[in-house]
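Student: Sequence and predicted model, in that order:
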Amino acid sequence: MIHPPADDDEKPLDPTQARLVARMRRFMWMSGFATVLGVAVVIGVIGYRVLRTEGRAAPADMVAKLPKGARVIATAVAGDRIIVTIEVGGSTELMSFDAVSLQPAGRLRFVTAP
């Protein structure tokens, strides 16, 4: 291996400069470590999200059966549920579906007391 010729004019660093160079090297190591750690975290989160689904993809097409004469008033997403507000014969109902499998999860009816 060929080394460049040493400069005879090169002076050793004084203690203040040596401390500054050492400090900058520490900062460079910390910065490199933080970068590697950040990339590892991002890759870990992506891997977790991919593996967490476990093939539970929602079906491409699904038909929800509503009572005869029902009218959809509103829809909303709440956590892992899809909420559909419908009006049936003058009363209001909330139907909830699982957001992943789209299977019915529950029904809440609102009726007026006699």
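Tutor: That came through fine. Treat the numbers as computed from the prediction; the structure is a model and nothing was measured.
Student: Just the element for residue 39, please.
Tutor: helix 15-52 (DSSP states H and E).
Student: continuing past that helix, what's the next helix or strand?
Tutor: Downstream of helix 15-52, the first helix or strand assigned by DSSP H and E is strand 71-78.
Student: Indicate each strand paired with that next one and its parallel or antiparallel sense.
Tutor: Sheet pairing of strand 71-78 (DSSP bridges) gives strand 81-88 (antiparallel).
Student: what comes up buried for the partner strand?
Tutor: 82, 83, 84, 85, 86 (16 or more other C-beta atoms under 10 Å). (Glycine included, C-beta is placed from N, CA and C.)
Student: mind putting those in JSON lines, pLDDT included?
Tutor: Converted to JSON lines, the buried residues of strand 81-88 look like this (pLDDT from 0 to 100):
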{"residue": "82", "pLDDT": "90"}
{"residue": "83", "pLDDT": "91"}
{"residue": "84", "pLDDT": "91"}
{"residue": "85", "pLDDT": "92"}
{"residue": "86", "pLDDT": "91"}
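Student: how about residue 85, what does it touch?
Tutor: Counting by C-beta atoms under 8 Å, 6 or more residues apart in numbering, residue 85 makes contact with 72, 73, 74, 75, 76, 92, 93, 94.
Student: and those, which are buried?
Tutor: For the contacts of residue 85, buried by 16+ other C-beta under 10 Å: 93, 94.
Student: Could you list the low-confidence segments of this structure?
Tutor: Scanning the chain for pLDDT under 70 picks out the ranges 1-9, 53-60.
Student: Please name the bridge partners of residue 85.
Tutor: Partner residues in beta bridges with residue 85, using DSSP bridges, are residue 74, residue 94.
Student: actually residue 110, sorry about that
Tutor: residue 92.
Student: Am I right that it is in contact with residue 92?
Tutor: Yes - using C-beta atoms under 8 Å, residue 110 is in contact with residue 92, at 4.5 Å.
Student: No further questions, thank you.
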